[in-house]
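**Student:** make a model of this:
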Amino acid sequence: MMEFNFNFLTGVKPREYQESIFNTCIKKNCLVVLPTGLGKTLIALMLSVERMKAFPGQKVVFLAPTKPLAEQHLEYFKKNLTELFGSLELFTGSVSASKRKKIWQTADIIFSTPQCVANDLKNGLYDLSEVCLLVEDEAHRCIKNYDYNYVAQKYKEQAENPRILGMTASPGSEEKKIKEICKNLSIEAVELRTREHEEVSPYVQELTFKKIYVELPEKFIEIKNALRSLFIEYTEELKARKFLWEAPSKGNLIRLQKKIMASISRGHKNFNTLLATSACAQAIRIQHALELLETQTQESLNKYLRELFKQAASKKNRGITRLVAKPAFNKAFTLSNELIARGIEHPKLEKLIEVVQEEYEKNPNSKIIVFSQFRDTARLISRKLNEIKGVRAKVFVGQTKKTTLGVGKRKGIEETTGLSQKEQKSVINNFAEGKINVLCATSIGEEGLDIPEVNEVIFYEPVPSAIRAIQRAGRTARLQEGRLIMLITKNTRDEVHFYASRAKEKRMHSAIKNIKEDLSNGRFSTKDIQRRLD
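**Tutor:** Predicted coordinates:
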C-alpha cells in the first residue's frame, strides 16, 4: 500500500476506505462508486497530487456536468491544497476561447464542464498530451454521445501518461450500461462501497426509513377512470392500426412515437400512419395526466388540462381538438375543477404537511429536503409548507429555460421557469446559513451539488431510477442521524416505481460485483467489453 504524503493537504485526512480506494486508483483506471457525501472528491484530490508528483509539469483535468458542480470541486481543491501546490483554473463558456487557450498553457489543474473542453479540442485550441489525470465526475453520464465520451476518447489517443478516474454514486442497474461506462473510460478496476460496508459504516449515522401510504379519494378515482377510458381508446386504436405490440407504458409510447415520426420523415406519410401518430400523441398526453393525478397534485393536473384546452382553442392541432371534445375528457376536467374549487388536494400533500409540522415541533432547528418530480409540484409544496409556523421553504429547481406542456412538433404555450446558476448558489448558501430550512427540490438537488447535511429527506413520490433514488437518499444520515420518508399512493405507479428502484439497486450491486471480479481475475478487459458491446 502506498503511503500518501499529507504535506500537500490542509485540514483534511482520508478515511481508511478512501486510502484503500486511492491505492487502487494509483495503479489502474478506476470507476469509484460511493454514496453521496462519502468523499469521492478527496480521493480525486489525493490522486491529482500523486499523479502530478509522478509527472512534474503535467496537468490534471477535472470534469463535472454543470458549471456549479465544477466550481464546487475547484473550491474544495483550493480549500484543501496548500497554496504553493499549483495553479487551479475554471474553464467556462463565459471565458473567451483565446483566453482559455492562454490559461491552458500555465494552469496545473483545470476544472470544467465536458462541453467546454470538448469544443476546445474540436477547435484545436490545445490537446491532452500533457494531462496525467482525467477525472470525470457523475460518470453514470458517460454513455452514448455525451461529451464525456468524446473527451475520454481524445485523452486516450493523445495522453503521454494517461490515468482515468470515474466517480458516481450509482452507475445504473444494467450490467450492459455499466460495461459501456467501463469501456468508454478504459476502466481496469471498480471500487464499490455502500453505507453498509464494514469500512464505511463507522463514518455514517443511522438512517431511519419509513414508507407512508395514502389512498386515492373517490373523486380522484372517478377522474382516473375517465382518463383511463380515453387512454384505452387511443391504445386500442394503435393496436388496430398494427403499431402497438408492447405494453402501453409511457416509455414504450414515447419510443413508438419516435419510431413513427422517423418513418414519416422517410416519406411514409400514408393515412394509417398519420392517424397512428395522432393517437400515440394523445395516449402520451393522457398518460401524463394520469401520472399527475396519481402521484402529483390536483393543481398540476388542472393546469395541464387547462393548457390542453388552450391548445385546442388555437386550432393548431386537430388531435388535441378532438381529445378535449370527448365526454370523458370533459368529465375529468369538470371533476378536477370541482376539487380545486373546494380546496381538495392530493392526500400526499396533506400527509407531507403533517410530517413536516411534526418534525419542526420536535426539532425547530431541523433542515429538510423534499424531492418531487415536477416543478409545479415543488412550487405548490413550498407554498403550502411556508404556511407552517417556523418553516422557511424555498423552491430549488434547474436553470431558467423555456418549457412546454405539449407533445410532438406542435407543442403548447411556452413559459419561462427555473433558477439561474447564480440563484441556485444563493439558495444553497441560504440553506446552509439557516435562512431557509426546507428545500423543495426537483432533480437538480439529486446530483453532486454540495447541499448541507439534512435531518430528513422526503420523497414526494418514488422514482423508478436506482441512480436518482440513491442520490436523493444520500443527502441525509452522514454526520448526524437522519430520516428518509417516502410518500406512496396505493394502487398507482408510485408502488410500481418504489419496487422497481429497489430491484434495480440490487441488480446494480450484483452487476458491479460481477464486473469487478471479472476485471480483477483477468476474465475480460475493457477491450473485451468493447467487443461484446459491438
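**Student:** going by C-alpha atoms from here, please, whenever you check contacts or count neighbours.
**Tutor:** Fine.
**Student:** give me the element Val135 is part of.
**Tutor:** Using DSSP states H and E, Val135 maps to strand 131-137.
**Student:** may I have the secondary structure class of Ile212?
**Tutor:** strand (DSSP: H, G, I helix; E, B strand; the rest coil).
**Student:** can you give the distance of the strand holding Val135 from its chain's centre?
**Tutor:** Averaging C-alpha positions (C-alpha atoms, centre = their mean, to the nearest Å) puts strand 131-137 22 Å from its chain's average.
**Student:** now that strand: average pLDDT?
**Tutor:** Mean pLDDT, strand 131-137: 96.
**Student:** so in that sheet, which strands flank it, and in what orientation?
**Tutor:** Sheet pairing of strand 131-137 (DSSP bridges) gives strand 59-63 (parallel), strand 164-168 (parallel).
**Student:** just want the angle from the helix or strand just after it to strand 131-137.
**Tutor:** Next helix or strand after strand 131-137 toward the C-terminus (DSSP H and E): helix 147-158. Counting by axes from the mean of the first three to the mean of the last three C-alpha atoms, to 10 degrees, helix 147-158 points 160 degrees away from the direction of strand 131-137.
**Student:** before we move on, back to that, next, format the strands paired with strand 131-137 as a markdown table and append mean neighbour count, distance to Glu246 and mean pLDDT.
**Tutor:** Below are those laid out as a markdown table (neighbours: other C-alpha atoms under 10 Å; distance: least, C-alpha to C-alpha, whole Å; pLDDT from 0 to 100):
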| stretch | mean neighbour count | distance to Glu246 | mean pLDDT |
| --- | --- | --- | --- |
| strand 59-63 | 25 | 39 | 96 |
| strand 164-168 | 25 | 33 | 94 |
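**Student:** what is the burial count for Ile178?
**Tutor:** Counted with other C-alpha atoms under 10 Å, the burial measure for Ile178 works out to 23 neighbours.
**Student:** returning to what we had before: nearest to Leu380, out of the strands paired with strand 131-137?
**Tutor:** Among the strands paired with strand 131-137, strand 164-168 comes nearest to Leu380, with 31.3 Å by C-alpha to C-alpha.
**Student:** any idea how far the closest one is from the chain center?
**Tutor:** Per C-alpha atoms, centre = their mean, the centroid offset for strand 164-168 relative to its chain is 17 Å.
**Student:** which residues sit against it?
**Tutor:** Residues from elsewhere that reach strand 164-168, judged by C-alpha atoms under 8 Å, 6 or more residues apart in numbering: 25, 28-35, 40, 44, 133-140, 185-187.
**Student:** next SSE after that strand?
**Tutor:** Remark: after strand 164-168, the chain's next helix or strand is helix 175-184, criterion DSSP H and E.
**Student:** and that next one with helix 147-158, angle?
**Tutor:** Using the same axes, to 10 degrees: helix 175-184 against helix 147-158 is 40 degrees.
**Student:** mind listing what's buried in helix 175-184?
**Tutor:** Buried residues in helix 175-184, defined by neighbour count with 16 or more other C-alpha atoms under 10 Å: 175, 177-184.
**Student:** what segments of the stretch 201-350 of the chain are helices?
**Tutor:** Under the criterion DSSP state H, counting those that start in this stretch, the stretch 201-350 of the chain contains helices at 218-240, 250-265, 271-295, 298-313, 318-324, 327-341, 347-362.
**Student:** can you give me the neighbour number for His346?
**Tutor:** A count of nearby residues for His346, using other C-alpha under 10 Å, gives 22.
**Student:** element containing Gly93, please.
**Tutor:** Counting by DSSP H and E, Gly93 is part of no helix or strand.
**Student:** and for Ile515?
**Tutor:** In the assignment (DSSP H and E), Ile515 maps to helix 493-520.
**Student:** outline the domain layout of the chain.
**Tutor:** Domain ranges of the chain: 6-202, 218-341, 347-403+416-506, per automatic domain parsing.
**Student:** wait, which of those is closest to Lys210?
**Tutor:** Comparison of those against Lys210 by C-alpha to C-alpha identifies domain 347-403+416-506 as nearest, at 4.9 Å.
**Student:** how far is that closest one from where the chain is centred?
**Tutor:** Distance of domain 347-403+416-506 from the chain centroid (C-alpha atoms, centre = their mean) equals 13 Å.
**Student:** residues of stretch 357-377 that come out buried?
**Tutor:** 357, 359-360, 366-377.
**Student:** show me the contact partners of it.
**Tutor:** Identification of contacts with stretch 357-377 by C-alpha under 8 Å, 6+ apart yields 296-297, 300, 378, 388, 390-391, 397, 437-443, 445, 453-461, 472.
**Student:** quick check: ChimeraX command selecting the buried ones in these.
**Tutor:** Selecting only the buried entries of the contacts of stretch 357-377 in ChimeraX, with 16+ other C-alpha under 10 Å as the criterion:
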select :296,297,300,378,391,397,437,438,439,440,441,442,443,445,453,454,455,456,457,458,459,460,461,472
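**Student:** from the contacts of stretch 357-377, which ones fall inside strands?
**Tutor:** 438-441, 456-459 (DSSP state E).
**Student:** between those residues, which is nearest Glu191?
**Tutor:** Nearest to Glu191 among the ones in strands among the contacts of stretch 357-377 is Val457, at 26.6 Å by C-alpha to C-alpha.
**Student:** wait, what's in contact with the closest one?
**Tutor:** 368-371, 472-473, 475-476, 482-485.
**Student:** Ile320: which of those residues is nearest?
**Tutor:** Ile320 lies nearest to Phe371 out of these, by C-alpha to C-alpha, at 31.5 Å.
**Student:** mind listing what's buried in the helix holding Ile515?
**Tutor:** Buried residues in helix 493-520, counting neighbours by 16+ other C-alpha under 10 Å, are found at 493-495, 497-498, 500-502, 504-505, 507-509, 511-512, 515-516, 519.
**Student:** can you measure across stretch 119-131, start residue to end residue?
**Tutor:** 17 Å (C-alpha to C-alpha, to the nearest Å).
**Student:** ugh, wrong one, I meant stretch 20-35
**Tutor:** Using C-alpha to C-alpha, the end-to-end distance of stretch 20-35 comes to 16 Å.
**Student:** quick one: low-confidence parts of the stretch 351-500 of the chain?
**Tutor:** Low-confidence segments of the stretch 351-500 of the chain, defined by pLDDT under 70: 400-417, 445-450, 452, 474-480.
**Student:** figure out which of the domains of the chain is closest to Lys211.
**Tutor:** Of all these, domain 347-403+416-506 sits nearest to Lys211, with 4.9 Å by C-alpha to C-alpha.
**Student:** end to end on that closest one, go ahead and measure it.
**Tutor:** Domain 347-403+416-506 has an end-to-end distance of 31 Å (criterion: C-alpha to C-alpha).
**Student:** just send the contacts of Val457 back as a markdown table, with secondary structure and distance to Asn161 too.
**Tutor:** Formatted as a markdown table, those follow (DSSP: H, G, I helix; E, B strand; the rest coil; distance: C-alpha to C-alpha, whole Å):
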| residue | secondary structure | distance to Asn161 |
| --- | --- | --- |
| Ile368 | strand | 45 |
| Ile369 | strand | 43 |
| Val370 | strand | 44 |
| Phe371 | strand | 42 |
| Arg472 | helix | 36 |
| Ala473 | helix | 37 |
| Arg475 | coil | 36 |
| Thr476 | strand | 39 |
| Gly482 | strand | 43 |
| Arg483 | strand | 45 |
| Leu484 | strand | 44 |
| Ile485 | strand | 47 |
